[in-house]
Every structure is written in structure tokens, then in C-alpha cells.
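S.K.: 3D model of this:
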Amino acid sequence: MASKTHTTGSQHHSTAPSRSKPSGPSPPTSSPPSSAHIPPSIAAAKARTNRSLQTTAHFLILFNVYGIPLSFGPYLEYYHTSRPHLSLPQIAAVSALQLFSLFSSLGFAVLQYQSGYWKSTSVVAGAVVVVCQFALPACKDFVALLLVQGLGVGMGLGVLGGLSTLCLASHYRNNVPLVSMQGVSYGLFGALVFTAVPYAGFQRDNFALTVCGSAGLSLATLLIALFMLRRSKTYPRFDFRRSSQTFKFQGQATLVFMVGYLWVFMGLFTFPVYIVLMLSSGPGYAWPATPTSMLMGAYAAGTFTASEVASRRTRTAFGPVNSFTVAAIAAGTCFLNPAWMPYTHVAWPCVIVYGLALGAILALYAKVTTVFHWSRVAWHPDMTLRMIVFMALAGLAAGAGILTTALIVEHGDGDFRMAMTLPGATMIAGGLLVFWARYKRGGRFFMAI
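M.R.: Now for the predicted structure:
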């Protein structure tokens, strides 16, 4: 009689007794165990280690992403006084293009991250940032400065910052708005350090040593960061196509918020870019090192507010949109006194208050874009694409504000009064529009949102 069989998958096991000799224990294999057989405690420890390494890498990258653009003020003053063949709008165009390239590169970073080339792209972007800074002493004319210090450095920093944010978000269920608030205080500390480099170098009138010092600082920090860059494989990789299928703007409050948000960015970077030149020009005629040191103090103050407004305690008790609104209005008022009384003793408190407001805005500018979302949930795949659009428009607005200020100063025979009053008033109006949109969104005057 035929023996009965039991089928499991594609294997058949007979119930008849085997006539072959029993086999001994199987020899050990040299192949490593699969990840499925790793004990949970070891897997959890490895995940924590990778997350810690990625967090450190992100902080080092933000050290450059915020530090380099925010230190452009001393360079603008140096170019304006030592290179008379360059007009002020031409010099301002370098900073404008740098900021636009930085903020608009997030979309390219998302595409590279999704395609799996995030590591090699990060290495190339870091190399571009370092090489462009080392090449600055050879850039004498406008086009060279625009392409190297503007486009090259800006795009490299934007791609690095975007990829680092996405890698860090992979350790937090791909929640990009949440991780966008992390590490901004390190970015402002980077602004302090990168501003200290021209503070020391320009007093010796040594441009080559200054930019090489800045490039060496980027080389050291980015080299360490690229070795620590890690992406978590626990959660699926961010799907850009899923986000693009649900992307939409809805509601009057969202449109009003968008206008106010862009107005805030139109004046945000004008202050650190022009404060050194404004105070070192007439009628105050301060030595450029003095307003440069004031700018360093502002960045030091901003490290505290950047950390505080991103904390769970402040976000729960006060709300990110409320913090962003107050900071935008406060930053706008800081333009007015120095614009009409450009003396260091008048500007000192305004510069420090601006630094406090800047820290809050940079910590929350990505998070607040997700609050005015049609889904009314904490996290939606559409939010990342929405951030890409907002960041590109914000970079365009920031560049437009810097160029507009330069044109007003150029046609006003070096008068900064109206040139600095306009971006300050724009920031105040933008903050009020954001507040009105927040009121329409929440329906109440006092609420944490």
C-alpha cells in the first residue's frame, strides 16, 4: 500500500520509514545570520546607534547650511569697499542666488533620496561646497562670484541639508516636519563661527586666508558628517509619487498664510546681509569689526530660542504658528531704529532681539507650513511636497528682498533708511497676515496652534 504524504508549500514529506542512515549534525555554515534572526535587543541597540550617528551628522551639516549663508554680511561689506568694479546689486545677487539655490534644492534632494543615490549625492554636494569656497580667491569678476559663491555653494548646501533631513526623518517614521525643527541651534552656532572667520581675517586684510579658513572648517565638519550619515531601513523609504497624488491647496486661510509667509521671508535675511555695511557707512562710520561682533552676538542669542521653541513644552503650551508670528513681528521691528539711527549703541539691542527672533523663525519655518493643511492631521505624505513648494517660493522671496534693498540703496546714494524700513515693514505685515490666517484656521483668538 502506498504511503500517505503531507504537502507543505513545495516540499513533500513521506510517512514511510526511511531506509537511509541517519545523518549526523549539519556542519556549521560560514554565512552570517539574516537580520530576521538578530535578537531584538541587539537590533534595537543598533537602531539607536545609527540614529545617534545620523543626528550628529545632521547637526554638523546644519552647522554649514545655516552658518555659511548667514555669514555673508562681512563679505558684502568687504566686496563693496575693496572691489569698486562691483556694484552693490551685483554683490547682493550673489547672496540672493545662494539663498534661492539653498531653499529650492529640497525637491532635487527628495528625488535623489527616493532613487537610492542619497549617499553619493551627499558626497558630491559636500565636495562642491568645499571646492567652491577654496576657489573664491580666484574669483575676481561678478560672473565668477555669482556661479561659485552663489550657485555652487548654495545648491551644495541645499542638497546636503535636504538629504540629511530625509535621512534623519527615516529614523522617525519619515516625519519630515518633526525633524525639521531639530539641530537649528547648531546651525546658528555655525553662523557664529563662520562669521568669526571673516571677523578675524578681514582685520588683517587677508581675503585668501579668510575664505580658506572657512573652507577648511567646512571640510572638517562635512567630512565627519558624511561618515556618520545613516538611513534607517526600519520604515519604507519616502514615496514622492504618493505625496504628489494628494498635493493640493485649499481654503482662504491657507492662501493668506502663504502670502504672509513669503512676506516674512522677503525681509528675513536682509538684516544680517546689510547690517555690517549699513553701520560701517555714514553717518555712524563704525569699524566693520564692531557690527560683525554684534552679528555674532545675535547668532549666539538665537541658539537659545531655536532650541526652546522646538521643545515639546513650548509647542504644546504656545504653538509653533504663534511662536512664528511673534518672532516675525519682533524681527521686523528690529529694522526700524538702526535704519533711521545707524549707530552701534542704538543698534546693539535691536541686533540681539533680531537674533532671538531669527532662531525661532528658522526652527519653525518648515513646521508651520504643515499646520495649514487640508487633512488637519499631524503628519500626511502630502506635507513633504508642500514643504518643497513653500521652500522654493521662500528662497525666491528672500532673494528678491535682498536684491530690492540693494537697488534702493544704489539709487538712493547709499541711504539705508527706506531700504531697511521696507523689509522691516514687510516682515511685520507678513507676521500679521500669518496671525490672521491662524485665527481663521483655529476660530479662536487664544489657542495653541
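S.K.: make it CA atoms for all contacts and neighbour counts henceforth
M.R.: OK.
S.K.: residue contacts, residue 109?
M.R.: 118, 159-160, 162-163 (C-alpha atoms under 8 Å, 6 or more residues apart in numbering).
S.K.: got the phi and psi for residue 318?
M.R.: When quoted as degrees, to the nearest 10, the phi and psi of residue 318 stand at phi -120, psi -40.
S.K.: quick one: list the elements packing against the longest helix along the chain.
M.R.: Ordering each helix of the chain by length in residues (DSSP state H) puts helix 382-411 first. Here helix 382-411 touches helix 88-104, helix 106-115, helix 176-179, helix 240-246, helix 252-268, helix 270-280, helix 368-371, helix 417-442, going by 3 or more C-alpha pairs under 8 Å, 6 or more residues apart in numbering; DSSP states H and E.
S.K.: among those helices, which is nearest residue 392?
M.R.: Each of these has some distance to residue 392 by C-alpha to C-alpha; the shortest is helix 88-104, at 4.1 Å.
S.K.: could you check the angle helix 270-280 makes with that closest one?
M.R.: 150 degrees (axes from the mean of the first three to the mean of the last three C-alpha atoms, to 10 degrees).
S.K.: so what secondary structure elements neighbour helix 88-104?
M.R.: Looks like helix 88-104 contacts helix 67-70, helix 72-82, helix 142-145, helix 153-169, helix 382-411 (3+ C-alpha pairs under 8 Å, 6+ apart).
S.K.: can you list the buried residues in the second one?
M.R.: Yep, that's helix 72-82 we're talking about. Buried residues in helix 72-82, counting neighbours by 16 or more other C-alpha atoms under 10 Å, are found at 72-78, 80.
S.K.: contacts for it?
M.R.: 86-88, 91-92, 95, 195, 198-199, 202, 272-277, 288, 292.
S.K.: rerun at 6 Å
M.R.: 272-274, 276-277 (C-alpha atoms under 6 Å, 6 or more residues apart in numbering).
S.K.: those residues, buried ones only, as a ChimeraX selection?
M.R.: To isolate the buried members of the contacts of helix 72-82 in ChimeraX, using 16+ other C-alpha under 10 Å:
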select :272,273,274,276,277
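S.K.: pick the one among the contacts of helix 72-82 closest to residue 395.
M.R.: Looking across the contacts of helix 72-82 and measuring by C-alpha to C-alpha, the closest to residue 395 is residue 273, at 14.7 Å.
S.K.: do you know the pLDDT at that closest one?
M.R.: As predicted, residue 273 sits at a pLDDT of 97.
S.K.: quick one: it and residue 291, what's the gap?
M.R.: For residue 273, the distance to residue 291 (C-alpha to C-alpha, to the nearest Å) stands at 11 Å.
S.K.: tell me which element residue 219 is part of?
M.R.: Per DSSP states H and E: residue 219 is located in helix 207-228.
S.K.: sorry, that was for residue 313
M.R.: Using DSSP H and E, the element containing residue 313 is helix 312-317.
S.K.: and that helix, which residues are buried?
M.R.: residue 315.
S.K.: I'd like the mean pLDDT over it, please.
M.R.: For helix 312-317, the per-residue pLDDT averages 88.
S.K.: that helix: what's the following helix or strand?
M.R.: helix 320-333.
S.K.: relative to helix 417-442, how tilted is that next one?
M.R.: Using the same axes, to 10 degrees: helix 320-333 against helix 417-442 is 160 degrees.
S.K.: contacts for helix 320-333?
M.R.: With C-alpha under 6 Å, 6+ apart as the test, helix 320-333 has contacts from 354, 357, 361, 368, 424, 427-428, 431, 449.
S.K.: and those residues, which is closest to residue 101?
M.R.: Using C-alpha to C-alpha, residue 361 comes nearest to residue 101 of the contacts of helix 320-333, at 19.3 Å.
S.K.: does the closest one belong to a helix or a strand, and which?
M.R.: Residue 361 belongs to helix 344-364, assigned by DSSP H and E.
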